[in-house]
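K.L.:
Need a 3D model of the sequence below.
(chains A and B)
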Amino acid sequence: MKLVIPSIHYLAILPVLIFFGAALALVLASALARGKVPLAVATSTVVTAAVASLVANFFQWRCVARAGASVTIAHAIVLDDFSVVASGVIALSVIMTALVAHDWAIRERVSGVEFHILALASSAGALLMTQANDLIVIFLGLEILSIGLYVLVAFDRHRATSSEAALKYFLLGGFASAIFIYGAALVYGATGSTNLSTISYFLGTNVLLHPGLLYAGGALLLVGFAFKIAAVPFHLWSPDVYEGAPTPVTGLMASIVKVGAFAALIRVLISALGTQLDTWRPILWTLIVLTTVIGASLAVVQRNVKRMLAYSSINHAGFILLGVWAGTIRGTAATLFYVITYAPIVVATFAIVTLIGGVGDEHHSIERYQGLARRQPWLSAALAVLLLSQLGAPLTTGFYAKFAVLASVVDAGGGALALIALISAAIAAFFYLRWAMALYSDDGPEGTRVEVPRLTGIVIAFGVLVTLVFGVWPGPLVTLAQHATVLFTP
Amino acid sequence: MHSSLWLTFLLVVPLAGAIGAALTRKVEGRAYVVAIAASFVELVLSLVVAFLYNDHVAQAQTFDFATRHVLSAPFGLAYDVAIDGISLLMIVLTALTVLLALLGARDRRQEPAFVGWMLLLTCFTMGSFLAHDLLEFFIFFELTLIPCYFIISQWGGRERSKAALKFFIYTFTGSAFLLIGILYLGFAHQHQVSGSALTFSYGALSATTMSHGTAVWLFIAFAIAFAVKAPIWPLHTWSPITYAEAPTAGSIEMSALLAKLGTYGLLRFAVGLFPLALVTMRPVVLTLAVIGILYGSMLACTTPDLKRFVAYSSLAQMGFITLGVMSGSTIATVGAVLLMFNHGVITIGFFLIIGFIEKRRGSILIKDFKGLQGPAPIMAALFTVVMLASIGLPGLSGFVSEYLILIGTFATHSWWAVVATFGVVAAALYLLWAYQRVFHGRAEGANAEITDATTHEQWVLVPVVVLIVVLGVFPKPVLDRITPSVQQLIHHVAPSGVNK
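P.N.:
Residues are numbered from 1 along each chain as shown, chains lettered A, B, ... in the order given. Presented below is the predicted three-dimensional model:
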């Protein structure tokens, strides 16, 4: 038997290589160095790797502009503008998280580079998912992403909730992965391939007389994805894990998992199973209604801000799914636009939650935020802007994100769905506002000022700037998202 | 056609004022001066626009001062401003309201923030009235919630958090219907005109053809949002607590101005864009309006505090406006537009005087007052003028507008007009009765020691009284500007129908 090594277009996988390379370098450094690797070195390695990945994204973008979208490594990896933009968002989230985690690690006296190694490896998994053109590669990316996160969630060893969350996440996550791979196997059985392009070609040129196998496989794939993005009713892990995980990790999860999982979901549903649109749409319809409404409703009764943000991110996941439901280029662009704008906001929000959480990362009740405006007007204004953006108020990117997905859904004939989702946003407004009101309330305990370390401050300022600047002038981001999906040919 | 820069100035001045006020946080009282200056300039600008406005353009089926810049083509997002006679009146009202609210209901707690929010609110309201594009209108319409929310929740009364939340959630939910309706209409237009980009321009969308069923659904979606804002019965339940808990300046802004966004939107967008729906929806909305008139009057009789009293009497007045807007008669619609302005002025008067009383007595409960006429005769006289205008006494502004509405509506939908007329009688009843309870009798205790209106307070109320009297005696200049635009709109809505 002769093993054929497929040709490799190294530029296509450069970001993944950089992230893995940096992780390996840190592993080696910590093994070889006498004494501990200083935190600053670890953080700057992560940031350098992410910046290098962004530079690679730039060259990838030019390559796609010149030569068009391409596949490599036996058609398993795709290089197109969509993957380039999604990777860029992931790299940006990693930079922001690394800076927040740096200050967090100093405060919590966390030494060692394990955190950074795992964060790099997880992000590499997310990057792989954005480029995957094969169910197996998606699975690979999903696992790499998840395994790193399982450990990161448990990183606060002295807090029982942290390990508890990790165990819960690990068990349920492992289960979801198994369901996903089983779905992949069934789809392979039905279509004869795990390659998304081949599946799409097969379904476009053949009529399945007995599509049951394909439907079952597709449904199981969807369950796997729904678990990762925490869509109701597969969301039960998310509040506990969001609460238990160290707060910077929660921010990382909320951003990169969404980007990676949605990129892969779009490729599977739109590119591979696009011909089956009429079959998966009703399922997605139900999923979206449950996710948006239940996510928003359950958030209302939470007193812990991390749990609240967990439910809020469930609500957002429902909104992002709207763009997928539309199944059009407009919808895909809207989904991409949503994750581009959502990632920096959510990381910055969790950066503030990290600060207020205090030493031990335990003070996350909403009472802790009472009267923050009196003590720290700038910090509280930043949080108010971020909350308003998540709420979807105009002049913030959150408004245009919601507008984009809703427009795509209405365009695709889903007026009722759009209305239900938007009413859930009104329910969600309730808890964002309650939080904002706590910031500006006069009564409440005389809290202590929290120090805002410089790096975390930069991250927060960046998140606020992004949401305000592109909230007034969304043009560039819209064009970027649209451009990235026009050439959508995996 | 005039330079659209005038309208852009109208948006920039309050915005600059808000930023300026925020920058002066160190110096005590300077923010207030900046805010007064900005709103004065705004009022002057709006009057300049009113004089430059050329009502002949309305007859040519266009809007004056029009300009359009596309900001983001994929979203159909554009900066598009233009005015006609209807929006012109609203612009003047916007500028007037903020100036009087700031002058008459100064709030010294965290003043830079307070006046900043007030000016931002002015900017956003102005934007809503200037917008000639549905998406742009929606953005401004939605933006007005944020300053309102902060004004109520930070400077309001004891139950301010509850009031602010209720207000926000109600309006936000209402707008959800509006946004989906706008999107639906935009895409319907795009699919009809082959090769056209997504646009939400008012001019383009008003040419969209649609089936009767679609028109009805879209009308309902639009009407829900505007009915919440106005408020129109039965979507009014947020308004009494909100008006009562908001600081006086906030109550003025919301009832005198933001309520008009609801009726303005109803006229311009719901009626203007979906003529086909009117046959079906007109009786429904007219009935709701009449119920609102009677229900509001009834509750105004029984309510225990003065701010809620104005809230319910506003509900009745908004019922009259809705009646005129939906009647399909040019005369009644002109009356409705005029009443939007007059009701704004009258409400400013009411809330200012209630604010003065609240400042002196620390209470707005009717049962706490008795015989204020004795110690405070000037205040009582001013209240009387405002009250009589609200009742609709001939010679004062309220009469002209209510009269136009009722005779216009009688010509097209007589029974609704007949029932609504009872509302005029009821208004006399609840207003005079409230006046009696508060101002008549012998003042005792704290009521006897109340001081009369100061010179400053009197001067603030002078514009209100002048407008009430002048528009009651000589409304012609205003009517001349409204009428061509309204005729145009009614003509578009009912080309072959009634036009009385």
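K.L.:
ok, longest strand in chain B?
P.N.:
Residue-count comparison of every strand in chain B, with assignments taken from DSSP state E, identifies strand B:64-72 as the longest.
K.L.:
so what does that one touch, helix or strand wise?
P.N.:
Of the remaining helices and strands, those touching strand B:64-72 by 3 or more CB pairs under 8 Å, 6 or more residues apart in numbering or on different chains; DSSP states H and E are helix A:475-486, helix B:5-23, strand B:77-83. C-beta here means a position set from N, CA and C on the backbone, and glycine is covered the same way.
K.L.:
near chain A, which residues of chain B show up?
P.N.:
Residues of chain B found near chain A (CB under 8 Å from any CB of the partner chain) are B:71-72, B:74-75, B:77, B:139-140, B:142-143, B:145-146, B:149-150, B:153-154, B:161, B:164-165, B:168-169, B:172-173, B:176-177, B:179-180, B:183-184, B:186-187, B:198.
K.L.:
what is the rounded mean pLDDT of the longest strand of chain B?
P.N.:
For strand B:64-72, the mean pLDDT works out to 82.
K.L.:
Same check on stretch B:5-25?
P.N.:
Taken as a whole, stretch B:5-25 carries a mean pLDDT of 84.
K.L.:
now stretch B:310-318
P.N.:
88.
K.L.:
Excluding residues flanking it in the chain, which one is nearest the residue nearest the centre of chain B?
P.N.:
If you average the C-alpha coordinates of chain B and look for the closest C-alpha using CA atoms, centre = their mean, you land on B:Lys260, 2.3 Å from that point. Setting aside the residues directly before and after it, B:Lys260 is nearest to B:Met340 in space (CB to CB, 6 or more residues apart in numbering or on different chains), at 4.8 Å.
K.L.:
where's that neighbour, which helix or strand?
P.N.:
Taking DSSP states H and E as the criterion, the element that holds B:Met340 is helix B:330-361.
K.L.:
packing partners for that helix?
P.N.:
Right, helix B:330-361 is packed against helix B:85-104, helix B:248-252, helix B:259-265, helix B:306-327, helix B:377-391, helix B:397-412, helix B:455-473, helix B:476-493 by 3+ CB pairs under 8 Å, 6+ apart.
K.L.:
Would you confirm that B:Val469 contacts B:Gly398?
P.N.:
No - counting by CB atoms under 8 Å, B:Val469 does not reach B:Gly398; the two are 11.4 Å apart.
K.L.:
Which residue of those two possesses the greater neighbour count?
P.N.:
B:Gly398 (29 against 15; other CB atoms under 10 Å in any protein chain shown).
K.L.:
That one: what's it in contact with?
P.N.:
Taking CB atoms under 8 Å, 6 or more residues apart in numbering or on different chains, we find B:Gly398 in contact with B:339, B:342-343, B:346, B:388-392, B:468, B:472.
K.L.:
Single out whichever of these has the smallest pLDDT.
P.N.:
Least confident by pLDDT among those: that is B:Gly392, with 83.
K.L.:
Show me which residues of chain A are close to chain B?
P.N.:
Among all residues of chain A, those adjacent to chain B (criterion: CB under 8 Å from any CB) are A:333, A:388, A:393-395, A:399-400, A:403-404, A:406-407, A:410-411, A:415, A:418-419, A:422-423, A:425-426, A:429-430, A:433-434, A:437, A:440-441, A:473-475, A:478-479, A:482.
K.L.:
which of those residues are buried?
P.N.:
Buried residues within the residues of chain A next to chain B, defined by neighbour count using 16 or more other CB atoms under 10 Å in any protein chain shown: A:333, A:388, A:393-395, A:399-400, A:403-404, A:406-407, A:410-411, A:415, A:418-419, A:422-423, A:425-426, A:429-430, A:433-434, A:437, A:440-441, A:474-475, A:478, A:482.
K.L.:
and the residues of chain A next to chain B, which of them are in helices?
P.N.:
Within the residues of chain A next to chain B, membership in helices is found for A:333, A:388, A:399-400, A:403-404, A:406-407, A:410-411, A:415, A:418-419, A:422-423, A:425-426, A:429-430, A:433-434, A:437, A:475, A:478-479, A:482, as judged by DSSP state H.
K.L.:
just for the stretch 1-150 of chain A, where's the confidence low?
P.N.:
Across the stretch 1-150 of chain A, the stretches falling below the confidence threshold (pLDDT under 70) are A:1.
K.L.:
what about 90?
P.N.:
The stretch 1-150 of chain A contains residues with pLDDT under 90 at A:1-12, A:30-41, A:63-76, A:78-82, A:105-115.
K.L.:
where exactly do the strands run in it?
P.N.:
Using DSSP state E, counting those that start in this stretch, the strands of the stretch 1-150 of chain A run over A:70-72, A:77-79.
K.L.:
Need those in JSON lines (columns: distance to A:Ser93 and mean neighbour count).
P.N.:
Rendered in JSON lines, the data for these read as follows (distance: least, CB to CB, whole Å; neighbours: other CB atoms under 10 Å in any protein chain shown):
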{"stretch": "strand A:70-72", "distance to A:Ser93": "25", "mean neighbour count": "19"}
{"stretch": "strand A:77-79", "distance to A:Ser93": "21", "mean neighbour count": "24"}
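K.L.:
could those go into JSON lines alongside distance to A:Val4?
P.N.:
Formatted as JSON lines, those follow (distance: least, CB to CB, whole Å):
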{"stretch": "strand A:70-72", "distance to A:Val4": "14"}
{"stretch": "strand A:77-79", "distance to A:Val4": "16"}
